[in-house]
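**Student:** no sequence on this one, just coordinates:
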């Protein structure tokens, strides 16, 4: 897991802007972040940006 402090994403379930506090790696590859509002697991695209360059991470979809 990688810690991020300035990256954010828009949750696909509740549509709130959520901080990407940690990236969790999926067993089949890829990463997801849990929404801080509803707890939904959003599959995200790691863009290579660092916490010193804040931005909104693209969300591919929700995980079951």
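**Tutor:** Thanks, I have it. The model shown is predicted, which means the values in this text are computed figures rather than measured ones.

**Student:** give me the beta-bridge partners of residue 31?
**Tutor:** Residue 31 has these beta-bridge partners by DSSP bridges: residue 25, residue 44.

**Student:** Could you report the pLDDT at it?
**Tutor:** pLDDT recorded at residue 31 is 93.

**Student:** do the same with residue 23
**Tutor:** We have a pLDDT of 86 for residue 23.

**Student:** before we move on, which element is it in?
**Tutor:** Assigned by DSSP states H and E, residue 23 belongs to strand 22-25.

**Student:** For that strand, name the packing helices and strands.
**Tutor:** strand 2-3, strand 31-34 (3 or more Cβ pairs under 8 Å, 6 or more residues apart in numbering; DSSP states H and E). C-beta coordinates here come from the backbone N, C-alpha and C atoms, glycine included.

**Student:** hmm, try it at 6 Å
**Tutor:** strand 31-34 (3 or more Cβ pairs under 6 Å, 6 or more residues apart in numbering; DSSP states H and E).

**Student:** How about residues contacting the strand it packs on?
**Tutor:** 20, 23-25, 41-44, 46, 63 (Cβ atoms under 6 Å, 6 or more residues apart in numbering).
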